[in-house]
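Novice: What would the 3D arrangement of this be:
(4 chains)
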There are 2 protein chains.
Amino acid sequence: MSRVKPELSRRERQIMDILYRSGAATASEVLARLPDPPSNSAVRTLLRILEEKGHLRHEQDGPRYVFHPIVPREAARRNAMRHLLTTFFDSSNEQAFAAMLDLGKEPLAEEELTRLQEMIDRARAEGR
Amino acid sequence: MSRVKPELSRRERQIMDILYRSGAATASEVLARLPDPPSNSAVRTLLRILEEKGHLRHEQDGPRYVFHPIVPREAARRNAMRHLLTTFFDSSNEQAFAAMLDLGKEPLAEEELTRLQEMIDRARAEGR
DNA sequence: AACATACTGCTAAAAATTTAGCAAGAGCGT
DNA sequence: ACGCTCTTGCTAAATTTTTAGCAGTATGTT
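Specialist: Below is the predicted model:
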């Protein structure tokens, strides 16, 4: 079971990303958010292909299809995070965390810092 | 200046990832690490293309070329991190951090937790 | 009910990506 | 110096990706 998933093509990835950002979307919605918009027809074809390959499913909503990713966001997250960690951070949580802190232009809210701290405490307690 | 960079194709990305993991590599080294290895010739062509597009440069090392990414790792990191954050974590540092903690099979070392904590303290102090 | 609009399915074609072959040159060991 | 191996440059071809066109069907608006 669970055959190998050949990595997605450029457009396929763009579309999956959009879907993961919005949770679900129709063909036109996807089109609207595509960086380099092709025709509506082109987008639909890609959606159909992604569905055939088992990355999406669709539900009917009145006259149109609403597409959802099949792999749940949390699982996709984990994979993406792991990939990022190994590719750019030598699997170092610290480095990744540091990069995260550096990202935002706004300083982090005091509240947020507190919650992060709590997570660490919890990890300690649970022997994580 | 700085024209738009059309996103990389599948193979191009695989290759750039390898290069970012190893820092630099020859054609054969890249080939050896490719998941779905094509011919050596194919890899070289891709490397040449990536160089033309300005993603790589090469240095001669005796008889062979050693390829380096042009965009420094730290910059590429930031972009990748930002992309991950917006696509899968609604730009929430907390969620991303939580996912990070969940990733490792091994519990985090006490030492590492301490260092993470220090980063937070520092962020507080600096009004980050 | 008729019209305009917004979908879908399917198909063909264009464009891009990906692949590999072949000739030539450099380096290395015998 | 010879032959062997590994490299590159260039080119052509196969494959995949990406695009759009056209016909048909549903929706809903007047």
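
Novice: Tell me which stretches of chain A form strands.
Specialist: Taking DSSP state E as the criterion, chain A carries its strands at A:56-61, A:64-69.

Novice: Does the last one reach DNA strand C?
Specialist: Yep, that's strand A:64-69 we're talking about. Yes: contact of strand A:64-69 with DNA strand C (Cβ under 7 Å from any atom of the strand) involves A:64, A:65. No exception for glycine: its C-beta is placed from N, CA and C like everyone else's.

Novice: For that strand, what is the distance to the chain centroid?
Specialist: 16 Å (Cα atoms, centre = their mean, to the nearest Å).

Novice: mind giving me the domain ranges of chain A?
Specialist: In terms of domains, chain A is parsed into A:10-69, A:73-125 (source: automatic domain parsing).

Novice: mean pLDDT for those: which is lowest?
Specialist: Of all the domains of chain A, the minimum mean pLDDT falls on domain A:73-125 (a mean of 93).

Novice: How far off centre is that domain?
Specialist: 16 Å.

Novice: ok, that domain near chain B or not?
Specialist: Yes: for domain A:73-125, a contact with chain B is found by Cβ under 8 Å from any Cβ of the partner chain, at A:73, A:76-78, A:80-82, A:84-89, A:93-94, A:96-104, A:107-108, A:110, A:112-113, A:115-117, A:119-120, A:123-124.

Novice: Tell me who's in contact with the nearest residue to residue A:20 once chain neighbours are set aside.
Specialist: The spatially closest residue to residue A:20, leaving aside those adjacent along the chain, is residue B:87, at 5.5 Å (Cβ to Cβ, 6 or more residues apart in numbering or on different chains). Residue B:87 makes contacts with A:17, A:20, A:21, A:80, as judged by Cβ atoms under 8 Å, 6 or more residues apart in numbering or on different chains.

Novice: roughly how far apart are residue B:87 and residue A:18?
Specialist: 9 Å (Cβ to Cβ, to the nearest Å).

Novice: Do stretch A:15-34 and DNA strand D come into contact?
Specialist: No: figure legend: stretch A:15-34 not in contact with DNA strand D (Cβ under 7 Å from any atom of the strand); closest approach 7.9 Å.
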